[in-house]
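[1] Take a look and give me a structure for this.
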Amino acid sequence: MPSVLLIGGARSGKSYAAQRLIQKAGRLHGLQATTVVTAEALDAEMAERIMMHREERPASMNVIEAPMHLADAIASTGPTDALMVDCVTMWLSNRMLSGDSIESIEKSARAVAIGLSARPGPTVVVSNEVGLGVVPEHAVGRKFRDLQGRVNRMLTDELDRAFFVVAGRLLPLSKDGWTDAEDLLA
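    Numbering: from 1, shown residues only. Model prediction:
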């Protein structure tokens with residue numbers, strides 16, 4: 001069954017779309033729906049966002065909280081569970097803010113991407129596209145933006161499909177787009 005990356009801006013509908021896809025896959029194939037969540041309620045605004053996501057999830061969905069150890073959480077799920085990971089961006093942020101080196105985070109992210117692609121069950125991963133705005137003013141913001149971009153590329157390299165989410169709509173991102181672009185130059 002396919003693995004899918006949903007990437008987009010903040011509040012674009014990524015989590016909602018991922019949840020719908022996973023619930024449908026679970027129903028169609030009789031699989032347990034599981035979500036691995038990475039956010040932590042470190043302030044009132046984040047606590048409110050987490051509560052909103054909890055209220056939107058069906059009670060039958062297994063939830064694993066993994067703000068730091070994403071690969072372990074993914075490995076702990078049933079191999080055929082309909083798995084949703086929400087979201088890679090929060091996980092990267094948690095790792096950076098904990099003081100982990102960029103090299104260590106990238107190594108972990110590569111292991112996560114490979115682990116996700118090896119799952120036999122349907123898998124939907126949520127991540128943010130943070131590189132479409134202005135150049136961040138502070139060095140840590142630029143490091144994060146660059147890390148997020150590299151990790152998103154790792155995910156698109158390993159997962160079967162990718163969609164850019166805008167206003168709740170999924171726009172397919174072609175893996176063979178390079179071939180199409182190269183043909184234009186031939």
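
[2] what's the first-to-last distance across stretch 64-77?
    For stretch 64-77, the first-to-last residue distance is 9 Å (Cα to Cα, to the nearest Å).

[3] what distance separates that stretch from the centre of its chain?
    Stretch 64-77 has its C-alpha centroid displaced from the chain centroid by 13 Å (Cα atoms, centre = their mean, to the nearest Å).

[4] can you give me the helices for the chain?
    With DSSP state H, the ranges of helices along the chain come out as 14-29, 44-56, 70-75, 88-97, 102-118, 139-158, 177-185.

[5] Show me which residues of the third one are buried.
    By neighbour count, and taking 16 or more other Cβ atoms under 10 Å as the criterion, the buried residues in helix 70-75 are L70, A71, A73, I74. (Glycine included, C-beta is placed from N, CA and C.)

[6] same check, this time on stretch 101-109
    Buried residues in stretch 101-109 (16+ other Cβ under 10 Å): I105, E106, S108, A109.

[7] my read: the second one touches Q148, true?
    No: between E106 and Q148 no contact is recorded; they are 11.0 Å apart, counting by Cβ atoms under 8 Å.

[8] quick revisit: tell me which of the helices of the chain is the most buried.
    helix 88-97 (a mean of 21; mean count of other Cβ atoms under 10 Å).

[9] Show me the contact partners of that one.
    38-40, 66-68, 70, 102, 104-105, 108-109, 112, 125-128, 130, 140, 143-144, 147-148, 151-152, 155 (Cβ atoms under 8 Å, 6 or more residues apart in numbering).

[10] how far is that helix from where the chain is centred?
    Relative to its chain's centre, helix 88-97 lies at 11 Å (Cα atoms, centre = their mean).

[11] Please export the C-alpha coordinates of it as CSV.
    What follows is helix 88-97, C-alpha atoms only, in CSV (Å, rounded to 0.1, in the frame of the first residue of the first chain):
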residue,chain,number,x,y,z
VAL,A,88,7.6,16.1,10.9
THR,A,89,8.0,19.8,11.3
MET,A,90,7.2,19.8,15.0
TRP,A,91,9.5,16.8,15.5
LEU,A,92,12.4,18.7,13.8
SER,A,93,11.6,21.8,15.9
ASN,A,94,11.6,19.7,19.1
ARG,A,95,14.9,18.1,18.2
MET,A,96,16.6,21.4,17.3
LEU,A,97,15.3,23.1,20.5
